[in-house]
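Visitor: Take a look and give me a structure for this.
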Amino acid sequence: MREHVSELRRRLVICVGSLGVAGVVAFVSYPMILHLLEGPYCKVTTQCRLYVTGPLDGLSIRVKIATYGGFFLASPVLLWELWRFVTPALRQREKRYAVPFLAASLLFFGLGTTLAYLTFPHALSFLGSIGGPSLRQLYGPGQYLGLLLALMAVFGLTFEFPVLLVALELAGVVSQARLGKLRRWALVIIVVMAAVITPSGDPFSMLALAVPLYLFYELSIVAGRALRR
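Guide: The predicted model follows:
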């Protein structure tokens, strides 16, 4: 028991240290990251400027970006340490799937954040026009970046859906036959979930989230069947 606690403490120290280093890197790289995040806004406006209204806004935005960026940059280390911690409790067959599942988790999270970033200009255009032509849009960095980062986080996390579903299939919690019978319900749940959790609330983003999730549902059935052979 004492060795287990010591191992957990060591893994946590490594995770916290990696988060700190990654956060510092993101803090130093703030101008480049901010310029990248401003890309969707610059596509829908000719001004391409975000305005602050308080003396502390600049600092809070930089800290927020450093926090999000730190978690993003440190995610490979965090997942690796988690895998190393749970490895002794896994059977040999489960260990064989651990690294591919970690790699797939990083890949799908990256795909989700990228899709959110690419579709965000369409969301901004919709949100800017829904109020009518008499309204002029003047965005502050806090609201703009908060919405964009929240959208990227939601897309990234929900794109882990196929990895989780395949893991449940391999663990015997659900079967391919059962998932096949629940296709219609799955489609309804996915559409409703996309409508509820999409931060921007625009139909384009909801569709961009719902369509891949249903495709992932179908692909998970095929992947689970192939891996169980």
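
Visitor: residue boundaries of the helices in the chain?
Guide: For the chain, the helices defined by DSSP state H occupy 2-28, 30-37, 39-44, 57-86, 92-129, 141-158, 161-170, 176-181, 183-197, 203-227.

Visitor: other SSEs contacting the third one?
Guide: Counting contacts by 3 or more Cβ pairs under 8 Å, 6 or more residues apart in numbering; DSSP states H and E, helix 39-44 packs against helix 92-129. All C-beta spots, glycine's among them, are computed from the backbone N, C-alpha and C.

Visitor: tell me which residues in the helix it packs on are buried?
Guide: By neighbour count with 16 or more other Cβ atoms under 10 Å, helix 92-129 contains the buried residues 101-102, 104-105, 108-109, 112-113, 115-117, 119-127.

Visitor: before we move on, what about stretch 175-186?
Guide: Neighbour counts over stretch 175-186 (16+ other Cβ under 10 Å) mark 176, 179, 186 as buried.

Visitor: Turn the helices of the chain into CSV, columns for mean pLDDT.
Guide: Compiled in CSV, the helices of the chain are given as follows (pLDDT from 0 to 100):
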stretch, mean pLDDT
helix 2-28, 86
helix 30-37, 92
helix 39-44, 87
helix 57-86, 85
helix 92-129, 83
helix 141-158, 89
helix 161-170, 81
helix 176-181, 80
helix 183-197, 89
helix 203-227, 85
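
Visitor: wait, which of the ones you listed is closest to residue 51?
Guide: Judged by Cβ to Cβ, the one of those that comes nearest to residue 51 is helix 141-158, at 7.8 Å.

Visitor: between the closest one and helix 30-37, how many degrees?
Guide: With axes from the mean of the first three to the mean of the last three Cα atoms, to 10 degrees defining the directions, helix 141-158 sits at 70 degrees from helix 30-37.

Visitor: and the residue nearest the centre of the chain, how far is that from residue 21?
Guide: Closest to where the C-alpha atoms of the chain average out (Cα atoms, centre = their mean) is residue 156, at 1.9 Å. Relative to residue 21, residue 156 is positioned 21 Å away (Cβ to Cβ, to the nearest Å).

Visitor: same check, this time on residue 131
Guide: 43 Å.

Visitor: That concludes my questions; thank you for your assistance.
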